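S.K.: give me a model of this one.
(one chain, ligands or ions: 1)
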Amino acid sequence: MHIAEQISRLHQELPEGVSLLAISKYQPIEALQEAYDAGQRMFGENHIQEMAAKAAALPKDIAWHFTGHVQTNKIKYMAPFVSLIHAVDSFRLLREINKHAAKHERCIDCLLQIHIAQEETKYGLSVDECRQLLANEPWRELQHIRITGLMAMGSNTDDLEQVRNEFRKIKQLFDELKSTYFVDEPSFCQLSEGMTDDYPIAIEEGSTIVRIGSMIFGERKY
Ligand SMILES: *Cc1c(COP(=O)(O)O)cnc(C)c1O
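M.R.: Numbers count the residues shown, from 1 in each chain. Next up, the predicted model:
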């Protein structure tokens with residue numbers, strides 16, 4: 001199926017309140033343009049310089065989301081335009097993003113990445129680390145970032161019940177943090193979970209942004 005058809009089909013399929021983030025890493029400009037022409041306006045990239053080059057080449061009403069691991073020395077390339085940074089996993093990173101956002105007189109929205117899957121990875125906060133960050137670090141002093149929710153990846157497994165349980169835990173954490181720290185902040189409202197293989201489950205468990213790559217663009221290049 002072609003990119004445009006997949007975009008239209010997903011836009012029809014997703015329930016209200018769930019946004020489609022088209023994950024376009026490694027895809028050529030033409031593929032993104034085809035998705036854009038079919039009505040897609042939110043794109044996610046995993047490499048900052050690739051995202052900056054694509055942002056320069058494509059229409060200006062695209063919201064660019066950064067979904068990769070954030071390298072501190074490259075924040076400057078996305079600070080002028082990035083719309084949401086999905087994978088923030090330390091206070092140090094929040095502080096760095098804040099510093100660059102300030103230079104552009106912007107406030108950059110960030111999600112805290114929670115590591116919940118079975119796979120070993122150095123990225124993401126555990127549930128407890130996330131609680132500790134919010135309890136102990138002076139994140140409220142950072143005027144140029146805003147924490148608007150959580151991001152997670154389900155385990156890469158055929159055991160869909162396990163994946164469902166993981167997403168359920170993320171939603172519980174989200175609700176706990178919302179009632180502890182963000183009661184008066186309607187902007188804390190985003191759960192970025194669900195990819196090509198597990199997005200229907202993620203939606204059932206409360207996802208508000210699904211990150212879909214290979215289902216839209218075809219064969220995985222990663
Ligand atoms: C590549 C990637 C995706 C898209 O994965 P698909 O299974 O191709 O839909 C989603 N989220 C992140 C963080 C990714 O790196």
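
S.K.: from here on, just use CA atoms for contacts and neighbour counts.
M.R.: OK.

S.K.: and the residue nearest to the spatial centre of the chain, how far from the ligand?
M.R.: By C-alpha atoms, centre = their mean, the chain has its centre lying nearest to His86, at 3.4 Å. Plainly put, His86 is 8 Å away from the ligand if you go by C-alpha to the nearest ligand atom, to the nearest Å.

S.K.: what's the answer for Cys130, then?
M.R.: Taking C-alpha to the nearest ligand atom as the measure, Cys130 falls 18 Å from the ligand.

S.K.: same deal with Glu137?
M.R.: Counting by C-alpha to the nearest ligand atom, the gap from Glu137 to the ligand is 25 Å.

S.K.: what residue ranges in the chain score low on pLDDT?
M.R.: The chain contains residues with pLDDT under 70 at 1, 220-222.

S.K.: close to the ligand: what parts of it are there?
M.R.: Proximity of the chain to the ligand (C-alpha under 6 Å from any ligand atom) is limited to residues 23, 67-68, 195-197, 211-215.

S.K.: circling back: now for the residue nearest to the centre of the chain: which residues touch it?
M.R.: By C-alpha atoms under 8 Å, 6 or more residues apart in numbering, the contact set of His86 is 65-68, 110-113, 150-151, 192.

S.K.: what do you get for Ala87?
M.R.: Counting by C-alpha under 8 Å, 6+ apart, Ala87 has contacts 66-70, 110-113, 124, 151.

S.K.: ok, which pair from these is furthest apart?
M.R.: Pairwise distances across those (C-alpha to C-alpha) peak at 14.7 Å, for the pair Phe66 and Gly124.

S.K.: helix or strand right after the helix ranked longest in the chain?
M.R.: Ranked by number of residues, the top helix in the chain under DSSP state H is helix 160-181. Using DSSP states H and E, the helix or strand that follows helix 160-181 in sequence is strand 190-192.
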